[in-house]
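**Q** here is a sequence together with a model predicted from it:
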Amino acid sequence: MQSGQDSTATRHAGRTATRWFAGAAAVAVTIGVGFAAAAPAQAWSGGGGHDTLLAPRTSFTMAPDGSSGATQGGDGIPNIDSVKKTIYTYYGDPGTGIANKDSSPYITEMNGIVANATAQLKPEYDAAIAKGEKPAIVFDADDTTLWTYDMEVGDMHFNYNPAEQDVWVQGEKFPGVPGMVGFVNAAAAMGYTVFGLTGRNDDQKAATLGNLTKAGYTAFTSDDYFTKWTGNGASQQPPYITCATSSCTTVEYKALTRKHIEQDLGYTITLNVGDQWSDLQGGFADSILKLPNPTYYLPSPDLPGASEPKLAPRTHFTMKPDGSSGSTQGGEGIPNIDSVKKTIATYYGDPGTGIANKTSSPYIDELRRIVAIQTPIVAAQCFVEKKLHRNPAIVLDADDTTLWTYDMEVGDMHFNYNPAEQDVWVQGEKFPAVPGMVALERAAQKAGCTIVGLTGRNDDQKAATIGNLTNVGYTGLTPSNYYTKWTGKGASQQPSYIHCATASCTTIEYKSQTRAHVESRQGGRYDIVANFGDQFSDLIGGHADRTIKLPNPTYYLP
């Protein structure tokens with residue numbers, strides 16, 4: 001461990017604080033190796049159901065600022081639904097948005113961090129006292145001392161709302177972060193002065209202190225608790241904080257407040273604890289402790305002239321699509337959902353409005369490459385099989401294979417699927433075409449293939465879906481060759497050619513058995529030369545000579 005200078009007067013913002021605790025408390029920053037944009041999955045052939053390689057990526061490189069959306073390709077971006085499931089697993093959330101308060105991988109990790117940190121308290125305290133210092137520890141609030149998961153996920157569904165946050169703050173609704181009540185109280189009992197330093201504002205200070213007391217903390221006092229000014233009345237920017245621009249960054253506010261604690265108040269900050277890297281940047285602390293939090297990301301630039309590359313999020317991740325990695329990766333090893341959103345926005349050319357750029361984006365570039373590669377291959381197969389009287393066909397999924405749903409999924413639903421709202425978009429025929437796919441469909445049709453549609457949309461949406469497809473330029477999809485899923489009402493019943501292992505068919509059962517029907521005598525005895533889909537579940541199960549996976553990180557349908 002590096003120790004700080006003996007005299008607080010010699011401390012400076014450029015000083016890099018070291019990680020205090022080994023083991024679970026240490027956070028290693030791994031710089032990942034960049035991956036080239038992934039080619040579309042198409043690595044199996046034949047109708048026997050050998051689904052080699054038809055599975056999502058599990059290794060990702062992602063910069064925290066979203067810039068990887070310009071380089072990684074759609075399948076190289078952590079899928080947001082898989083990220084959510086991974087976060088749920090980590091917090092022991094069964095899918096309700098409420099964290100398990102008794103047992104979870106998060107609680108286990110926090111217990112390990114706190115145990116290691118507690119073991120360091122007395123040696124660090126004794127060392128500071130021996131040097132004639134006044135040892136202090138600084139704690140952030142949200143997800144450092146107070147646990148916001150149920151608000152962030154159960155209430156806000158990963159979409160931050162400051163007005164709703166204030167309702168939770170004023171209502172003093174947050175429990176303590178696992179293990180931290182005991183740690184803070186132990187530090188205070190040992191003799192440390194405990195400071196609070198949060199981005200919550202002065203209007204929230206009284207409620208924050210009340211919530212901390214309610215959660216069991218005994219060490220926080222109003223005099224030693226720093227909240228941010230509002231600019232109204234007496235709540236003004238203090239003189240010890242000077243910012244490079246008219247609006248202070250998080251690092252300027254927090255680092256310069258720590259400087260004030262050390263240089264003006266005379267304390268030695270032996271430890272600075274936070275869940276965001278911006279809580280820790282900027283120096284003025286001997287050591288730092290980063291707590292895990294993949295549920296949001298609050299970036300902030302370094303202080304002017306300072307560079308702290310080690311105080312930055314991970315960039316390489318291993319994540320299984322089913323969310324199970326939440327039990328093994330630790331909080332820092334889970335792709336942060338805010339960084340995932342920014343990466344997706346970059347990929348689709350979305351400036352932050354939830355509306356994709358329809359002219360130019362990494363997504364459009366990737367689709368054009370896929371279409372340019374696949375069109376001549378598929379058209380040639382259609383042409384040859386037509387000449388041989390083999391009745392060739394291609395199968396096209398709907399959402400994000402022929403019709404582009406980004407503006408609905410992101411701009412309207414904010415990554416939280418709503419079937420009633422989806423039906424409004426479907427019946428309104430609001431979706432543009434997926435870039436390049438109209439041209440591919442026409443080329444396949446011209447070369448002799450019948451175009452077959454196969455979607456998870458239901459029979460009540462069939463007419464509107466075909467109308468939408470026609471409106472945006474598709475010419476080969478008709479009611480007789482467009483398969484939608486039954487509703488179970490009236491005449492819309494499960495067809496005889498679908499046999500499911502359970503009462504409710506899976507996507508793979510429905511789609512693969514429908515493709516088998518298309519290739520059967522009853523279904524027209526077509527030979528499906530190519531099957532296109534944006535989900536692996538569109539492709540698994542055989543009954544196509546070739547599968548082509550289109551990129552889509554905005555949702556995952558296993």
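**A** Done, it's in.

**Q** give me the pLDDT value at the most centrally placed residue in the chain.
**A** The centre of the chain sits closest to Ile337, judged by CA atoms, centre = their mean, with a distance of 2.6 Å. Ile337 is assigned a pLDDT of 98 by the prediction.

**Q** surely it touches Asn293?
**A** No. Counting by CB atoms under 8 Å, Asn293 is not a contact partner of Ile337; they are 10.2 Å apart. To be clear about C-beta, it is placed using only N, CA and C from the backbone, and glycine gets the same treatment.

**Q** ok, back up a step: Lys446 versus the residue nearest to the centre of the chain, what's the distance?
**A** From Ile337 over to Lys446 the distance is 44 Å, taken as CB to CB, to the nearest Å.

**Q** likewise for Ser246?
**A** 60 Å.

**Q** show me the strands in the stretch 401-550 of the chain, by range?
**A** For the stretch 401-550 of the chain, strands defined by DSSP state E, counting those that start in this stretch occupy the ranges 450-458, 482-485, 527-533, 547-549.

**Q** the first one pairs with which strands?
**A** Pointing back at strand 450-458 there. Strand pairing for strand 450-458, determined by DSSP bridges: strand 392-396 (parallel), strand 482-485 (parallel).

**Q** isn't Gln72 right up against Arg57?
**A** No. Contact status for Gln72 versus Arg57: not in contact, 9.6 Å apart, counting by CB under 8 Å.

**Q** of those two, which one has the most company?
**A** Higher neighbour count among Gln72 and Arg57: Gln72, with 28 against 19, using other CB atoms under 10 Å.

**Q** and the gap between the more buried one and Asn161?
**A** 30 Å.

**Q** for Thr213, same thing?
**A** From Thr213 across to Asn161, the span is 26 Å (CB to CB).

**Q** give me the distance between the residue nearest to the centre of the chain and Gly73.
**A** Note on Ile337: its distance to Gly73, by CB to CB, is 20 Å.

**Q** ok, back up a step: any chance of the strands paired with strand 450-458 in TSV, plus mean pLDDT?
**A** As requested, the strands paired with strand 450-458 are arranged in TSV below (pLDDT from 0 to 100):
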stretch	mean pLDDT
strand 392-396	98
strand 482-485	98
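
**Q** for those strands, which one ends up most surrounded?
**A** Of the strands paired with strand 450-458, the one with the most neighbours on average (mean count of other CB atoms under 10 Å) is strand 392-396, at a mean of 28.

**Q** so that strand versus strand 527-533, what angle?
**A** Between strand 392-396 and strand 527-533, the angle formed by their directions is 20 degrees, by axes from the mean of the first three to the mean of the last three CA atoms, to 10 degrees.

**Q** so what touches the helix or strand following strand 392-396?
**A** Scanning forward in sequence from strand 392-396 by DSSP states H and E, the next helix or strand is helix 406. The contact list for helix 406, computed with CB atoms under 8 Å, 6 or more residues apart in numbering, reads 348, 350, 355-356, 400, 554.

**Q** 6 Å - rerun?
**A** Helix 406 is contacted from outside by 348, 356, using CB atoms under 6 Å, 6 or more residues apart in numbering.

**Q** one step back: between the strands paired with strand 450-458, which one is nearest to Val194?
**A** With CB to CB as the measure, strand 482-485 is the member of these nearest Val194 (58.1 Å).

**Q** surely Phe183 and Asn116 touch.
**A** No. Checked against CB atoms under 6 Å, the pair Phe183 and Asn116 is beyond contact range at 10.5 Å.

**Q** could you pull out the strands for this protein?
**A** Remark: strands of the chain, listed N- to C-terminal, are 18-19, 59-61, 135-139, 193-201, 225-228, 268-274, 287-290, 316-318, 392-396, 450-458, 482-485, 527-533, 547-549; assignment by DSSP state E.

**Q** starting at the chain centroid, how far to the third one?
**A** Taking CA atoms, centre = their mean, to the nearest Å, one finds strand 135-139 lying 32 Å from the centre of the chain it belongs to.

**Q** is it true that Thr257 touches Thr227?
**A** No. When contacts are counted by CB under 6 Å, Thr257 is not listed as touching Thr227 (10.1 Å).

**Q** more neighbours: which of Phe183 and Asn116?
**A** Just comparing Phe183 and Asn116: by other CB under 10 Å the higher neighbour count belongs to Phe183, 22 against 17.

**Q** just the pLDDT for the more buried one.
**A** 98.

**Q** how about the one 4 residues further on?
**A** Residue-level confidence at Ala187 comes out at 98, pLDDT.

**Q** who's in contact with it?
**A** 121, 137.

**Q** next one: Val426
**A** With contact taken as CB under 6 Å, 6+ apart, Val426 is in contact with 461, 464.

**Q** and if you look at Ser361?
**A** Under the criterion of CB under 6 Å, 6+ apart, the neighbours of Ser361 are 348-349.

**Q** can you tell me how far it is from Phe60?
**A** Distance, Ser361 to Phe60, by CB to CB: 20 Å.

**Q** what segments of the stretch 201-350 of the chain are helices?
**A** Across the stretch 201-350 of the chain, reading from the start of the chain, the helices by DSSP state H, counting those that start in this stretch fall at 205-215, 250-259, 277-280, 337-347.

**Q** let me fix that: the stretch 51-200 of the chain
**A** In order along the chain, the stretch 51-200 of the chain carries the following helices (DSSP H, counting those that start in this stretch): 80-91, 105-130, 149, 162-170, 180-190.

**Q** quick revisit: export the strands paired with strand 450-458 to CSV and tack on distance to Pro321?
**A** Converted to CSV, the strands paired with strand 450-458 look like this (distance: least, CB to CB, whole Å):
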stretch, distance to Pro321
strand 392-396, 23
strand 482-485, 22
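
**Q** show me where pLDDT drops low in this structure?
**A** Across the chain, the stretches falling below the confidence threshold (pLDDT under 70) are 1-52.

**Q** ok, 80 please
**A** Within the chain, the stretches falling below the threshold (pLDDT under 80) are 1-52, 245-246.
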